[in-house]
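**Q** any chance you can model this:
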Amino acid sequence: MKIDNFVRIIDGKLITTPPIDAFASICLDASRILHGDLFIDTTASRELIHQALLKGAYAIVTTLSFENEDEECAWIEVSSIEQTLIKLLRYTITQKSLTIVLLSPVQEALLEMIQTPRTIKRLRGDLLLMTKTLLNAKEEEHFSLSDSILGKKIAPASNPIDNALHVKPAIVSKGLFLSSFWYQERYFFDQKIPSIFVEELLCLLQFCDTHAIAYALESLSFCEHFYPQFITQALCKKEFGNSSKALIFEPLPSLLPSLLSYMQTQVESSYIILALPKGFHKSFSFEGETLFFETVEELAILAHKSFAYTLILGDKEAYEPLFIKTFTTQPSLF
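**A** Below is the predicted model of the structure:
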């Protein structure tokens with residue numbers, strides 16, 4: 001790409017007057033720089049900039065001022081790396097004709113599970129990781145994103161899917177985790193999805209049908225949101241439904257209030273524990289016990305508490321050290 005064109009795209013300022021007028025590729029990792037690349041300094045690190053220059057970078061994008069590092073390098077100064085990445089992504093999405101589908105966090109997780117094949121890829125991580133993903137994307141690829149604010153910044157033409165159902169669905173809830181419902185004249189019985197998520201699923205299915213996206217519900221399993229792990233009192237894993245206790249994992253703080261309200265419609269607050277990392281300031285009311293912890297190991301105290309469900313803020317994979325035994329084939333409540 002021509003350096004002058006790139007400077008205009010990101011609204012930067014070219015400080016030097018290099019003899020070269022173009023670069024090969026964009027790189028955000030100094031250790032992966034190849035001769036002729038442009039390096040975007042995302043951490044304001046002069047050390048990494050020097051490393052990139054030694055590897056043969058033709059251009060540097062940074063918030064740092066030029067200190068005679070290399071007059072033959074295109075030193076491009078910007079006021080904000082975040083805004084630079086957003087402008088770069090907006091250009092990249094347009095140039096590659098990429099599609100960004102805006103979904104709710106639950107719908108994004110569900111879509112990843114039910115697609116056959118996965119024609120819409122999920123944008124994960126922070127802005128930096130998303131930038132790496134989209135810069136390496138092939139033309140006309142499709143991506144989903146649950147951050148609607150960021151989605152509008154990088155893809156202004158994108159719109160959330162229609163979450164309005166013309167007819168209120170008849171949903172039969174079986175406990176906290178199983179639901180039965182109708183869709184397209186077909187009855188789905190005891191599916192592994194909490195009733196609180198069913199309407200979002202049905203709207204997602206409508207979107208898939210409208211855009212000819214193939215999906216399968218026959219093997220629907222719990223997604224990462226409101227994920228239940230049944231346990232014994234001693235915190236040994238049990239198969240689904242083979243215990244009267246469960247730890248429920250939710251990685252997204254913004255979903256906690258609605259999930260707690262949902263739980264309390266079916267379970268008394270005295271049977272629910274809310275487990276939060278220390279330092280998390282909740283801005284919602286909960287009448288049951290709230291347990292704050294610093295390490296996963298501290299949650300071992302749950303083995304000495306009386307509860308039916310403990311809702312834990314965090315990704316389930318991070319809490320594997322908590323379980324001291326693997327699944328047992330002996331159904332037991334204790």
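**Q** residues contacting stretch 177-195, please?
**A** Identification of contacts with stretch 177-195 by Cβ atoms under 8 Å, 6 or more residues apart in numbering yields 110, 169-174, 176, 198, 201-202, 205, 209, 217, 220-223, 226, 228, 240, 262. In short, each C-beta sits where N, CA and C put it, glycine included.
**Q** mind saving the C-alpha coords of it as CSV?
**A** Backbone C-alpha positions of stretch 177-195 (Å, rounded to 0.1, in the frame of the first residue of the first chain) are rendered in CSV as follows:
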residue,chain,number,x,y,z
PHE,A,177,-32.0,-25.2,32.2
LEU,A,178,-34.4,-27.1,29.9
SER,A,179,-37.1,-25.6,27.6
SER,A,180,-39.6,-26.8,25.1
PHE,A,181,-40.9,-24.6,22.4
TRP,A,182,-42.4,-24.4,18.9
TYR,A,183,-40.6,-23.1,15.8
GLN,A,184,-41.7,-23.4,12.2
GLU,A,185,-44.5,-25.9,13.1
ARG,A,186,-41.9,-28.1,14.8
TYR,A,187,-41.9,-28.8,18.5
PHE,A,188,-38.5,-28.9,20.2
PHE,A,189,-38.8,-30.9,23.5
ASP,A,190,-36.6,-30.4,26.5
GLN,A,191,-33.8,-28.5,24.8
LYS,A,192,-30.7,-27.6,26.7
ILE,A,193,-31.4,-23.9,26.8
PRO,A,194,-32.7,-21.8,29.7
SER,A,195,-36.2,-20.4,29.0
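**Q** hmm, Lys152 is touching Ser158, no?
**A** Yes - contact criterion Cβ atoms under 8 Å: Lys152 and Ser158 qualify, at 6.9 Å.
**Q** any low-confidence regions in the chain?
**A** 324-334 (pLDDT under 70).
**Q** need the contact list for Cys73.
**A** By Cβ under 8 Å, 6+ apart, Cys73 lies in contact with 16, 18, 53, 57-60.
**Q** that one and Thr62, how far apart?
**A** 11 Å (Cβ to Cβ, to the nearest Å).
**Q** ok, now Ala246?
**A** 49 Å.
**Q** between these two, who's got more neighbours?
**A** Neighbour tally, Ala246 and Thr62, criterion other Cβ atoms under 10 Å: the higher count belongs to Thr62, 26 against 21.
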